[in-house]
Structures are given as C-alpha cells and as structure tokens.
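K.L.:
This is the structure alone, sequence omitted:
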C-alpha cells in the first residue's frame, strides 16, 4: 500500500468557491434585504417584533408564480444511461446517479461533468444479481456527508463534502439493489432495498493522519481512491408486508420514516425505536416508484402509473343520479316561442293540461367505472369537480370540464352509503353510511376520517355542511350536529349531545303494517334537510325507514 499522501483528483472543482459563498451567506444573513416585508408584517401585528421565518412565508407565493417563468437549458451528457437520481450540492453543481452505475457532478453553468469514482466493497460482499445503477442520493442535514450506492449496487457508499473524499462503504445490509436512502440526522441513515429490508447505518468519522491514508484504484475510473472504512448496519429488519422496498421519506418533525414498497404498500416506521408503526395498501397499485414528504402539510405524496396519492399519517384510514352506473351530461336549450303556438297535453298523473316541451338526449353518457348503481352526486364549482357515490361503496371524482373520471376509491364503511354533501370551505366531502360519516379530502386521495354516528345501525340519511357545522339526519328521527373544527358533536349545557327529535309524522296502517309491523314504533327517518339563506331556519322531511311502510314527515325548525 502506498502511504504517500495525495490530493484526490476527483475533488470537486468548485469546493473552494462553495465555501466562500457559504461564508458570505453567513456573514450577510442578518442584513435587511426583507426590511419592507418585515415592516409591513410587524405593522399588521401591532408593531410587535415577530420571530417568523420570512422566507417560509414568501415561499408559497414564489412556488406558485415562478414555474410559468421558467425556460429550458439542455445539457449534452454523452452516452450515460438514464439518470435515476440527483441532488443539488450548491447553487451551481448537481450530483447525478445513473443506471450504468456512474456518479457524476454536473456544473450547470458551464455544462462540464466530473466523474466521481465508485467505492468498492470488500471481498466479503456478494454483489446483487443484474445490477441496475444508482437509484438514490442523499445529503445529511449539515450537508457534510454524501450517501449513495457503491460499486456493488446492494451496498452503501458515503463520501465527505465538499471534497468527495471517501468516508465508508456499508455492506451485508442487503442482498438486492438499494432503492432509496434517507438521513435521520448527521450520523444515522436508513436504506431500503428490493430485498424488502430496511437497514439503519451509523457513520463514524474518525480523525486520521493524512500521511497514513492509503489508496486503491477505483475499478470504474482507475483513479486512486483514498482508503475508507468497511462497515455493517447497526440493525437490519424486514419490512412486514413489503415486497421490495422502493422509496423512503423521513419527517424529522414527527420522527417517522415512510417506506414505499413495490407491492403498493405504504409503511410508517418509528426511527427512535426502528420499529414499524403501521402499514396500509394503496388504491393505485401499479408502478409505485417514488415518494416525497411535505412537512408543511404533514403529508406524503406517492407516484404510481397514473396517479399521485397524498397520504396524511394522522388519518390512517383515509380514502342526475342513476342506478345503471352511468353519468349523463345534459344541455337545456330554451327556444323562444309564441305563447299562442304553445300546445298542451294532459298530464297522465293529474289530468291537468301541460304545455308542450322538447324531447332530447344527453350530450354525453358514460359509465362510471367501478360503480354499481350511482347513488349520490355532489358538485364543487371551485374545483370544477363532481363527486359520485355508488352503492357498492365507491367514491368517484369526475372533471366536469372534460366529463372524464379523475379517480375512484373504495370506502371503508360499505353498508348503506346513501347520502353525500360537499364543504367548499374545507374542500371535503361527507359520506353517510349505516353507522359512520366518512370525511374525504380529494387533495389526499388515500386519507379518510370517520365520525361514529350516535345512532349506529339506523343509518345516516342526509347531510349538510353549514360553515364549520355538519348537520346529520338519521334514520331514527334525530338530527345531530358535528363541529368539524372541534372534532366532536355539539353539546348542550348539560353536557349531552345537542340533537333535534322530530315528530312522529304520519304512518298508514295498511295490511303490510298490520301483518309485519304491528305494535312496533317506527320513527321517521330524516331523508332530507335544508337551511334557508339566513342559516337560521331548518326544514327537515322524511318518513318511516322500513321499505314496506307508507308514511311521511316534514317540519320547519326555526
């Protein structure tokens, strides 16, 4: 082994400038480049000095308005095969990992490429069959360490930044390709592999004398590589229900690690104990290959062949009407006519003459996929979307501008799904079933929050949103009120749930009643209820719940 110290020939060419720019940023971070913004903000809150990150407040605005202003600058990358992963190193350089197992740093200003040698594993490491390149690149929080795949695609390579000096190779953690890598902190990181395992690694940076650094040539580039440590994972565990771990995402605010597997399962792990918290199947199960996390919304986005699913870990269970499973779009054309020319025909039901009218067909009629008998519709004009509820417990979303289906999902509570309403304020839909009300947010296709009905078994028959209050009409003649913001039913001063018990209505005592329902009490179900424009009066109506009974109820609550 050559003990002579050398300068790594693959040292990042812009490392010095990067250190200088970081130094300038640190020196200038307290300058008042947002003085006007701070002044307006402080004035809004009565002149108080606020401890607020202005960049975070400005970023939503920037992220919405910047994309239309972007233009393309294309780079010539030669004959490398498919870039699987990338990560910004600074405001100028980007690291890339390819299918042909090359690690490249690209200077976005000049277009020059710098090849970083792959790190070799020891003789104890058994390479994975059919190696398939570098699928992940990750930097630790302090951006001093760079993790990616090693020369053996089932092993881990860690480099030091900004010089790309080798730090370590992790082996014997996986026997198949490493698909994703995520850092927990500056010292610990997790890898996920096609072998369905997660491995937790620790990087220990021992100080060494430069004169003692040995070198080995990289088999991929032939460039001498300084000596580095060979290590094994701190712990390696199988991910239950996972068939080949594909992607990882870490939320350090909640200390949880999200795991995506190729068999369409989403898993949550506790990083402090390195144990699984939960797992759930995804509705869209084809080609689930990527995932990211939003700490702002505490949500994960998972990409599949045709959908992006948004999942909220706080909600682990989320996700003209006809019975023929079709939707029809109609157009009403009001032609002007001379009143003298209007002909009349008697109505078959009343015998009263009825003015003539046009006979037409729908503009378009389409089957609602997965629907067995469409039961209810709800339209949100803010999002130009139509929600469809089918009796086989599927919730569908349609684009009204194209009249095409956007998505569909199965509901958890699948018995007697007969009513639905929309809240534009919360951009949510409420679906009633036999014993629950399910709240669904179309922005999070796989999340579903459930409210347990206080009268389980009789069913929820009607629903209405009024600001923060969800009004619930039940099958036993009781109207309930649920506070969405508080997450609980409205309560009276005595502590009991606030409710309206409707009158008995009218019930016909016919042969069916006498033969099957005699001496039984059947309160009126609230099949419909509506508030007036002031929101101070409530009209409710319905009738007996059993299909064989004939009766009715109507009442005005004011």
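P.N.:
Right, received. Where do you want to start? This structure is a prediction, so every number in the text was calculated from the model and none was measured. Numbers count the residues shown, from 1 in each chain.
K.L.:
just for this protein, where's the confidence low?
P.N.:
1-72, 206-228, 316-366, 373, 493 (pLDDT under 70).
K.L.:
ok, 50 please
P.N.:
1-34, 48, 50, 52, 54-69, 208-216, 319-323, 342, 349 (pLDDT under 50).
K.L.:
Please, where are all the helices along it?
P.N.:
15-28, 35-44, 54-65, 511-516 (DSSP state H).
K.L.:
Skipping adjacent residues, who's closest to the spatially most central residue of the chain in space?
P.N.:
For the chain, the residue sitting closest to the mean C-alpha position, by C-alpha atoms, centre = their mean, is residue 310 at 1.0 Å. Nearest residue to residue 310, sequence neighbours excluded (C-beta to C-beta, 6 or more residues apart in numbering): residue 444, at 4.1 Å. Yep, even glycine has a C-beta here, placed from its N, CA and C like the rest.
K.L.:
try residue 114
P.N.:
Using C-beta to C-beta, 6+ apart and skipping the chain neighbours, the partner closest in space to residue 114 is residue 105 (4.3 Å).
K.L.:
Pretty sure that neighbour sits against residue 89.
P.N.:
Yes. Using C-beta atoms under 8 Å, residue 105 is in contact with residue 89, at 6.9 Å.
K.L.:
Please name the bridge partners of the spatially closest residue to residue 469 that is not a sequence neighbour.
P.N.:
Excluding its sequence neighbours, the residue lying closest to residue 469 (C-beta to C-beta, 6+ apart) is residue 481, at 5.5 Å. Going by DSSP bridges, residue 481 is paired in beta bridges with residue 471.
K.L.:
Can you tell me how far residue 481 is from residue 411?
P.N.:
For residue 481, the distance to residue 411 (C-beta to C-beta, to the nearest Å) stands at 23 Å.
K.L.:
For these two, work out which one has more neighbours and name it.
P.N.:
residue 411 (22 against 16; other C-beta atoms under 10 Å).
K.L.:
For burial, what's the neighbour tally of the nearest residue to residue 312 once chain neighbours are set aside?
P.N.:
Spatial nearest neighbour of residue 312, chain neighbours left out: residue 447 (4.5 Å); criterion: C-beta to C-beta, 6+ apart. Applying other C-beta under 10 Å, we find 21 residues neighbouring residue 447.
K.L.:
next one: the one 5 residues further on
P.N.:
Neighbouring residues of residue 452 were enumerated by other C-beta under 10 Å; the total is 10.
K.L.:
Residue 469 too?
P.N.:
Using other C-beta under 10 Å: residue 469 sits among 17 other residues.
K.L.:
Residue 482 is in contact with that one, correct?
P.N.:
Yes. If you go by C-beta under 8 Å, residue 469 and residue 482 touch, sitting 7.1 Å apart.
K.L.:
who touches residue 291 in this structure?
P.N.:
By C-beta atoms under 8 Å, 6 or more residues apart in numbering, the contact set of residue 291 is 246, 247, 248, 249, 258, 260, 300, 301, 302, 303.
K.L.:
May I ask you to confirm that the fourth one is in contact with residue 183?
P.N.:
No. In this structure, residue 249 sits apart from residue 183 without contact. The criterion is C-beta under 8 Å, and the distance is 11.4 Å.
K.L.:
Any idea what residue 420 is bridged to?
P.N.:
Here residue 420, judged by DSSP bridges, has bridge partners residue 431.
K.L.:
before we move on, the earlier item: now do the contacts for the residue nearest to residue 469.
P.N.:
469, 470, 471, 472, 489, 490, 498, 499.
K.L.:
Give the buried subset of the residues you listed as a PyMOL selection command.
P.N.:
Of these, the buried ones go into a single PyMOL selection, burial set by 16 or more other C-beta atoms under 10 Å:
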select buried, resi 469+470+471+472+489+499
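K.L.:
With distance to residue 142 as extra columns, can I get the contacts of residue 481 in CSV?
P.N.:
Shown next, in CSV, are the contacts of residue 481 (distance: C-beta to C-beta, whole Å):
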residue, distance to residue 142
469, 48
470, 47
471, 53
472, 52
489, 48
490, 50
498, 54
499, 57
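K.L.:
burial count for the residue nearest to residue 114?
P.N.:
The burial count for residue 105: 19, using other C-beta under 10 Å.
K.L.:
Ok, residue 263 next?
P.N.:
15.
K.L.:
Wait, it touches residue 244, no?
P.N.:
Yes. Using C-beta under 8 Å, residue 263 is in contact with residue 244, at 7.3 Å.
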